[in-house]
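>>> any chance you can model this:
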Amino acid sequence: MKRIGIIGVGEIGRALVTGLCDGGDKEPEVFLSPRGTRTAAELSARYGNVQVCADNQEVVDRSELVIIAVRRQDLHEALADLRVDGDKLVVNAMAGVGSDHLRRLLATDAPLVRAIPLPAVRERRSVTVTCPSHPAVNSLFEHLGGVLPVADEAAFNVFSALTGTLSTHYSYLATLTSWAVGQGIASDDADRYIRGLFQGVGRSLTDETRSLHQLAADYETPNGNNERIRTTWFGPANSEALHGALDGLVADLDS
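I've put the predicted structure just below:
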């Protein structure tokens, strides 16, 4: 796709533009909605192939592929009276907004594809889940780090629920840091050490020859420190609680 429009220039919109425009040899024309005025203006000033449109209808009219990335609560305001002809391709990057709902709102017969782009698309190293599979959308997200098409929205919602664990991971790291500070470690030292510790863990995830269970086992010795924390803190009860929280979230996404 040579002309890509983005409606909703928040964190994900910014990441998409950065991934599309930084270091690529075939940068598309990118048209941004005026929502998020400061971010849109900043991106337009940074990249010569990025333009801010007067309104969302102009974004649609000038684009071949349109990514809708507004917040769910802003959906109706942002898309009211928007006309989307059948020759456009629409990517729905809104959490919790199903394709049937969006199609009714837009009153269009254009192809609709759901996607879960994450902030790491800015560095072109994030796998994006899509539904259904579409060659042009697959190509777009393959360029941004990888694509994982799924067959139906039930499967899509499972992956969407998994993304709901990201802030919990960061809060876990923040809790480790605050515990160390409570033990008398300087805040900067604790923060630096935790970041380095888990950056190393993150790099190990690139080795897909080992399962996640194998990677966990690699860090443990019998009766060692890692085994102790895992078995005393993240035991069966915590594991079941996490499963229950995810079950509840995916049930809400399916409703």
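
>>> now do the strands in the stretch 101-250 of the chain.
Per DSSP state E, counting those that start in this stretch, the stretch 101-250 of the chain carries strands over the ranges 112-116, 128-131, 147-149.

>>> helices or strands next to the second one in the packing?
Okay, so that is strand 128-131. Identification of packing neighbours for strand 128-131 by 3 or more Cβ pairs under 8 Å, 6 or more residues apart in numbering; DSSP states H and E yields strand 112-116, helix 135-143, strand 147-149, helix 153-163. Using the backbone N, CA and C atoms, a C-beta is placed for each residue, glycine as well.

>>> if we use 6 Å, what do you get?
Contacts defined by 3 or more Cβ pairs under 6 Å, 6 or more residues apart in numbering; DSSP states H and E place strand 128-131 against strand 112-116, strand 147-149, helix 153-163.

>>> residues contacting the second one, please?
It refers to strand 147-149. Identification of contacts with strand 147-149 by Cβ atoms under 6 Å, 6 or more residues apart in numbering yields 127-130, 133, 138, 141.

>>> pick the one among those residues closest to Asn225.
Nearest to Asn225 among the contacts of strand 147-149: Val127, at 31.9 Å, using Cβ to Cβ.

>>> so what's the residue count around the closest one?
By other Cβ atoms under 10 Å, 17 other residues sit near Val127.

>>> from Asp218, how far off is it?
23 Å (Cβ to Cβ, to the nearest Å).

>>> TSV for the strands of the stretch 101-250 of the chain, including mean neighbour count?
As requested, those are arranged in TSV below (neighbours: other Cβ atoms under 10 Å):
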stretch	mean neighbour count
strand 112-116	23
strand 128-131	24
strand 147-149	18
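
>>> could the ones you listed be laid out in TSV, adding mean pLDDT?
Below are the strands of the stretch 101-250 of the chain laid out as TSV (pLDDT from 0 to 100):
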stretch	mean pLDDT
strand 112-116	97
strand 128-131	98
strand 147-149	98
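
>>> redo those strands as CSV? Include distance to Asn92.
Formatted as CSV, the strands of the stretch 101-250 of the chain follow (distance: least, Cβ to Cβ, whole Å):
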stretch, distance to Asn92
strand 112-116, 5
strand 128-131, 9
strand 147-149, 14
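
>>> tell me which of these sits nearest to Gly182.
strand 112-116 (36.4 Å).

>>> out of the strands of the stretch 101-250 of the chain, nearest to Leu176?
strand 112-116 (27.4 Å).
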